[in-house]
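> what shape does this take:
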Amino acid sequence: MTADLIGKARAGDGDAFREVTEPYRRELHVHCYRLLGSFQDAEDALQDALLAAWQGLGGFEGRASLRTWLYQIATNRCLNARRSASRRPAKEWNIPGVEPPEPTRMGEIVWLEPYPDALLEGAIDVAIGPEARYQQTESISLAFVTALQVLPPRQLAVLILHDVLGFHANEVADMLDSTVDSANSALKRARASLQRRLQPTDEHEPAPAPDSPAEDAIVAKFVSAYESADLDALVSLLTDDVFMSMPPMPLEYQGRDVVARFCAVLFGAGRRFDLVPTRANGQPAFGAYLRAPTGIRHGTGLFVLTLAGERISAMIRFESSVLPWFGLPRSLPSR
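Next up is the predicted model:
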């Protein structure tokens, strides 16, 4: 059936091409997201890759599977995007009447964007190859995707293709027009760099299972503390080394005391929020809506939490422009 569809697609049948590539669209989109760290950039790269596949279908000889061929095209399109495109620029602090405390450091990965869990279905439960070292759920987490972004493009591609997707080293080398020795060398360096970036989280307790009573309990405590601006209750939920960032603003805060100071400034300015639950990157997430004097609540961003046991080890806040990706409105009516 697939061979018949490919034959029709080669003859110019666009419907046949869409039918033969549709089963791979979601997993390819996640692949592009891991490579680029940006939901929007992943969408652009995927469209570019599918167009290239459509135009180059005559050159598909079937020596590798169609899935492998599509991954090769998508990977190289993403690498081209990483090398040539200007990244989303950093933004300055833009909340009037609120002066943030001095950050712990200035972040590098300001283009990071969240990925809706609703789009992960059928994308991370696909069969992966025997070389994979990471669970698919782990490799979509914000911490993992952020750590990937500091790798050089070739190292990044090798690690994702081999350790995340489980392609054999010779397949990876073919996909990147490289030698096996070169691919293995890049993989070794990528693993070492990634391990250094992820090491601090090794000391944390594992996160509770998604939608489990344990996760529900800590999420409920967070919502109650944040919506009531109860600083003490919020701080009691944080790990000692809790991390907070706000891409595309480069401000990053590390440690319970400094994150507490940041939240104190926010709450002290009289800003009060309602939180609407969703999920991103396999993690609990919330649309944040600022209560206005009119009663209307305006979307100001999206929080994604990283949990460690019964605590919160990271809070990442994204801009309100991401809310529609999660089916969340720009504003909520007055109650």
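
> drop to CA atoms for contacts and neighbour counts, all remaining ones
Fine.

> where does the chain dip in pLDDT?
Of all residues in the chain, those with pLDDT under 70 make up the ranges 1, 85, 199-202.

> how about the strands in it?
With DSSP state E applied, the chain shows strands at 105-106, 238-246, 249-254, 273-280, 283-291, 297-308, 311-319, 331-332, listed in chain order.

> contact partners of the last one?
Translated: strand 331-332. The contact list for strand 331-332 (CA atoms under 8 Å, 6 or more residues apart in numbering) reads 289, 296-299.

> mind picking the two most distant members of these?
Using CA to CA, these span at most 9.9 Å, a distance reached by Ile296 and Gly299.

> so which of the two has more stuff around it?
Ranked by neighbour count (other CA atoms under 10 Å), Ile296 and Gly299 place Gly299 first, with 24 against 15.

> how about the contacts made by the more buried one?
287-290, 320, 323, 329-332.

> got it, and Ile218?
237, 310-311.

> before we move on, what about Leu156?
Leu156 makes contacts with 35, 148-149, 190, as judged by CA under 8 Å, 6+ apart.

> so in this protein, which helix runs the longest?
helix 14-36 (DSSP state H).

> elements contacting that helix?
helix 2-10, helix 39-55, helix 66-84, helix 142-148 (3 or more CA pairs under 8 Å, 6 or more residues apart in numbering; DSSP states H and E).

> looking at the ones you listed, which is closest to Val180?
helix 66-84 (15.6 Å).

> may I see the buried residues of that closest one?
Buried residues in helix 66-84, counted by 16 or more other CA atoms under 10 Å: 66, 68-79, 81-82.

> can you give me the helices for the stretch 101-250 of the chain?
Assigned by DSSP state H, counting those that start in this stretch, the helices in the stretch 101-250 of the chain fall at 142-148, 153-159, 169-175, 180-198, 213-227, 231-235.

> just give me how far the first one sits from the chain centre.
Right, helix 142-148. In terms of CA atoms, centre = their mean, to the nearest Å, the centre of helix 142-148 is found 7 Å from the chain centre.

> before we move on, what about the fourth one?
Mean-position distance between helix 180-198 and its chain equals 21 Å (CA atoms, centre = their mean).

> ok, back up a step: distance to Arg154 for the helices and strands packed on helix 14-36 - can I get that in JSON lines?
Listed next are the helices and strands packed on helix 14-36 as JSON lines, based on distance: least, CA to CA, whole Å:
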{"stretch": "helix 2-10", "distance to Arg154": "30"}
{"stretch": "helix 39-55", "distance to Arg154": "17"}
{"stretch": "helix 66-84", "distance to Arg154": "8"}
{"stretch": "helix 142-148", "distance to Arg154": "11"}
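
> okay, now the closest residue to Lys91 other than its chain neighbours: neighbour count?
The spatial neighbour of Lys91 that comes closest, neighbours along the chain excluded (CA to CA, 6 or more residues apart in numbering), is Met249 at 4.8 Å. By other CA under 10 Å, 22 other residues sit near Met249.

> roughly how far does Met249 sit from Ile296?
Computed as CA to CA, to the nearest Å, the Met249 to Ile296 distance reads 26 Å.

> can you count the residues close to Ile95?
10.

> thinking again about what came up before, please work out which of the helices of the stretch 101-250 of the chain is packed deepest.
helix 153-159 (a mean of 23; mean count of other CA atoms under 10 Å).

> can you report how many residues lie near Arg291?
Arg291: 18 neighbours (other CA under 10 Å).

> so what sits opposite it in the bridge?
Using DSSP bridges, the beta-bridge partners of Arg291 come out as Arg297.

> hang on, isn't it packed against Leu275?
No. The pair Arg291 / Leu275 is not scored as a contact, 10.6 Å apart, by CA atoms under 8 Å.

> re earlier: can you put the helices of the stretch 101-250 of the chain in CSV and add distance to Lys91?
Listed next are the helices of the stretch 101-250 of the chain as CSV, based on distance: least, CA to CA, whole Å:
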stretch, distance to Lys91
helix 142-148, 18
helix 153-159, 25
helix 169-175, 36
helix 180-198, 24
helix 213-227, 25
helix 231-235, 27
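
> list just the one of these that sits closest to Gly270.
Comparing those by CA to CA, helix 213-227 comes nearest, at 11.8 Å.

> related to what we said a few turns ago, mind giving me the PyMOL command for buried ones among the contacts of Gly299?
Buried residues within the contacts of Gly299, by 16+ other CA under 10 Å, are selected in PyMOL with:
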select buried, resi 287+288+289+290+320+323+330+331+332
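
> closest one to Val259 out of the contacts of Gly299, please.
The nearest one, if we look at these relative to Val259 and count by CA to CA, is Ala288, at 17.7 Å.

> give me every residue that touches the closest one.
Ala288 neighbours (CA under 8 Å, 6+ apart): 273-276, 299-303.

> and it, how close does it get to Arg271?
To Arg271, Ala288 is 11 Å away according to CA to CA.

> tell me which of the contacts of strand 331-332 is nearest to Gly58?
Nearest member of these to Gly58, counting by CA to CA, is Gly299, at 47.5 Å.

> leaving aside the residues next to it on the chain, what's closest to that closest one?
Tyr289 (4.2 Å).
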